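**Student:** Sequence and predicted structure, then a few things I'm wondering about:
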Amino acid sequence: MLRRTFLKAAMAAPAVAKEAFGKSVSSFLDSVISDQSAQDGSLTDRIHQLVSGLPYPDEISDDLIDMLQSWRTDGIYNIYEEYRNLQNGRSISPSDVATGALEELAISNLGQAIKSKIQYKLKIFELPDVIESKQANCLGYTIIFYILGNAMGLKVSTAERKEDHLENIVTLADNTLKIVDLTQKEDFITDAIVTNNNLDDSTQWRYRDNKPVMSGKDKIHINTNQEFRAEIFLNRGISYYDFYKANKQHKQKALKLATVCFDKALANNPDCEEAYNNRGAVKHDLGKHKEALKDFHKAIAIRPRYADAHVNIGNVYLNLEDYKEAREWYYKALDIDTELKKVHYYLAVSHINCSEFREAITECTKELAINKNHALSYFVRGVCYHNTKKTKEAKRDFDIAARLNPELRKNILRTFPGYISK
């Protein structure tokens, strides 16, 4: 993923076709940028302003600046000085400034500098972690480019084209948009061309990347500053929740911290359905089933075809032993996404608790068709075969479950002796 391009090389790059967007889009982006740009003071002052606008303490600004000062010839201070020199008309024509060529050069060089210093790592996004490890996922890259781009004087916001993947959007002088996705190995800058100013709302438009315009479902959502803050809080909360699942001894503390983060995400963006869904999952784990259901239903009210929230409602009813209601929500989830993993397993659990062994076997078989290494499905199907006197099939499934999950081996040896060897 490492590739370096300096200003001279970037200036020789072929021009990319552009298409200006309408005034309503332009006005919206101007309002977004005005919330986040730091136009006064030195580059260092601007970085401090931008970091403080995100959910990070001021000392993180100093750590970021220390990291930047360690960058050498391709560092941001060099890029910034060259960019300012060009802005002052010292190596580039007025027509290039007017058409956005100047910003394209800065975008390319800044992106290449970041990519040469910070490598991709799936779960690292928090700014202090990115600074320390020199690694970042899509959100981490987006945060860094957002801060440094705006500090340099570019008009940078953030956007989401597909679920769970953030990118940057830069507005050029001629009002065209550029998408910057630093997770891409090459060609991390593409066009974003507005084709309709009046689709779903003021922040969602169709896009194309040097290709024919795609269907209406392919839209790009440009975040406000508050929505971007919410995204950081959301991912922070998910990190705490994942920590709890891996370290159950820290349950109360981790879940409390996760809840605080989801609350802050919703304070910044009341329409963040993922925050409602994740907060509901935390409440479910704390045994607050009614509160969990409220959050899951709020998530679905915002996004009716939110499959995960439907599954989570089913899980609440499964734990409450309301198996009929649980199945209804699982089937609704499968109507939205037939490839959802674990849902057929949950359906199997609802059936086995009602001694409906044949139905449970069917659901386990469906689960294993899309999730072939799911040990619990083999185990539950083995239990069903045991209860229906199909010893050969039970032994086969118990053997596979034991190989996939050593904890299940202990359970099988204790509860169903004779099926597998010690």
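**Tutor:** On my side now, so go ahead. Worth saying up front: this structure is predicted, and the values here are computed from it rather than measured.
**Student:** for whatever helix or strand Leu68 lives in, what is the average pLDDT?
**Tutor:** Using DSSP states H and E, Leu68 falls within helix 59-70. Throughout helix 59-70, pLDDT has a mean value of 90.
**Student:** from the chain's centre, how far out does it sit?
**Tutor:** Offset of helix 59-70 from its chain centre (C-alpha atoms, centre = their mean, to the nearest Å): 25 Å.
**Student:** Mind giving me the packing neighbours of it?
**Tutor:** Counting contacts by 3 or more C-beta pairs under 8 Å, 6 or more residues apart in numbering; DSSP states H and E, helix 59-70 packs against helix 43-52, helix 76-87, helix 127-133. C-beta here means a position set from N, CA and C on the backbone, and glycine is covered the same way.
**Student:** And for stretch 231-239, what's in contact with it?
**Tutor:** 54-55, 123, 125-126, 139, 143, 158, 166, 223, 257-262, 264-265, 268, 272, 274-275, 278-279 (C-beta atoms under 8 Å, 6 or more residues apart in numbering).
**Student:** What residues of that stretch count as buried?
**Tutor:** Under the neighbour-count criterion of 16 or more other C-beta atoms under 10 Å, stretch 231-239 has Glu231, Ile232, Phe233, Leu234, Asn235, Arg236, Gly237, Ile238, Ser239 buried.
**Student:** that older thread, would you mind getting the angle between the helix holding Leu68 and helix 43-52?
**Tutor:** 140 degrees (axes from the mean of the first three to the mean of the last three C-alpha atoms, to 10 degrees).
**Student:** May I see the buried residues of helix 59-70?
**Tutor:** Buried residues in helix 59-70 (16+ other C-beta under 10 Å): Ile60, Ser61, Leu64, Ile65, Met67, Leu68.
**Student:** Would you list the phi and psi of Ala136?
**Tutor:** phi -160, psi 150 (degrees, to the nearest 10).
**Student:** contacting residues for the nearest residue to it once chain neighbours are set aside?
**Tutor:** Take Ala136 and drop its neighbours on the chain: the residue closest to it by C-beta to C-beta, 6 or more residues apart in numbering is Val130, 4.6 Å away. By C-beta under 8 Å, 6+ apart, Val130 lies in contact with Ile118, Ile124, Ala136, Gly140, Ile143, Ile144.
**Student:** Report the distance from the helix or strand where Asp191 lies to the chain centre.
**Tutor:** Element membership for Asp191 (DSSP H and E) is strand 189-192. With C-alpha atoms, centre = their mean as the basis, strand 189-192 stands 20 Å off its chain's centre.
**Student:** Name every strand pairing with that strand and say which way it goes.
**Tutor:** According to DSSP bridges, strand 189-192 forms sheet pairs with strand 177-180 (antiparallel).
**Student:** Can you give the distance of the partner strand from its chain's centre?
**Tutor:** With C-alpha atoms, centre = their mean, you get 18 Å for strand 177-180.
**Student:** mind giving me the domain split of this structure?
**Tutor:** For the chain, the structural domains run 7-223, 229-314, 341-422, going by automatic domain parsing.
**Student:** Quick check: buried residues in the helix or strand containing Glu407?
**Tutor:** Using DSSP H and E, Glu407 sits within helix 406-415. Buried residues in helix 406-415, counted by 16+ other C-beta under 10 Å: Leu408, Arg409, Ile412, Leu413.
**Student:** hmm, who's touching it?
**Tutor:** Ala375, Leu376, Phe379, Gly382, Phe398, Ala401, Ala402, Tyr419, Ile420, Lys422.
**Student:** Return the backbone torsion pair for the first one.
**Tutor:** In other words, Ala375. According to degrees, to the nearest 10, Ala375 has phi -60, psi -40.
**Student:** Give me the neighbour count for it.
**Tutor:** 18 (other C-beta atoms under 10 Å).
**Student:** Surely it touches Leu404?
**Tutor:** Yes. Judged on C-beta atoms under 8 Å, Ala375 makes contact with Leu404 at a distance of 3.7 Å.
**Student:** Identify the residues contacting the most centrally placed residue in the chain.
**Tutor:** By C-alpha atoms, centre = their mean, the chain has its centre lying nearest to Asp164, at 2.7 Å. Under the criterion of C-beta under 8 Å, 6+ apart, Asp164 has no contact partners.
**Student:** ok, it to Asn137 distance?
**Tutor:** 10 Å (C-beta to C-beta, to the nearest Å).
**Student:** try Ile370
**Tutor:** Counting by C-beta to C-beta, the gap from Ile370 to Asn137 is 26 Å.
**Student:** Which one's more surrounded, these two?
**Tutor:** Asn137 (19 against 14).
**Student:** Would you mind confirming that the more buried one is in contact with Gln119?
**Tutor:** No. In this structure, Asn137 is not within contact of Gln119 by C-beta under 8 Å, at 10.6 Å.
**Student:** So which residues of the chain form strands?
**Tutor:** 119-120, 135-136, 155-162, 165-171, 177-180, 189-192, 204-206, 219-222 (DSSP state E).
**Student:** What average pLDDT does the third one get?
**Tutor:** Right, the one you point to is strand 155-162. 86.
**Student:** mind saving the C-alpha coords of that strand as CSV?
**Tutor:** Coordinates of each C-alpha in strand 155-162 appear next as CSV, following Å, rounded to 0.1, in the frame of the first residue of the first chain:
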residue,chain,number,x,y,z
LYS,A,155,-12.1,21.8,1.9
VAL,A,156,-12.3,18.3,3.4
SER,A,157,-15.3,16.5,4.7
THR,A,158,-16.1,12.8,5.3
ALA,A,159,-18.5,10.5,3.5
GLU,A,160,-19.9,7.0,3.4
ARG,A,161,-20.5,5.1,0.2
LYS,A,162,-21.0,1.7,1.6
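**Student:** so who does Ile107 touch?
**Tutor:** Gly149, Leu154, Val170, Lys178, Val180, Ile189.
**Student:** do you know how far it is from Leu50?
**Tutor:** Counting by C-beta to C-beta - Ile107 and Leu50 are separated by 17 Å.
**Student:** go on, Leu127?
**Tutor:** 11 Å.
**Student:** And Lys248, by the same measure?
**Tutor:** Here the criterion is C-beta to C-beta. By it, Lys248 lies 38 Å from Leu50.
**Student:** Give me the more crowded residue out of those two.
**Tutor:** Between Lys248 and Leu50, Leu50 has the larger neighbour count (other C-beta under 10 Å), namely 23 against 9.
**Student:** how about the nearest residue to that one, chain neighbours excluded?
**Tutor:** Ile147 (4.6 Å).
**Student:** Hmm, that neighbour is touching Val51, no?
**Tutor:** Yes. At 6.1 Å, Ile147 counts as touching Val51 under the criterion of C-beta under 8 Å.
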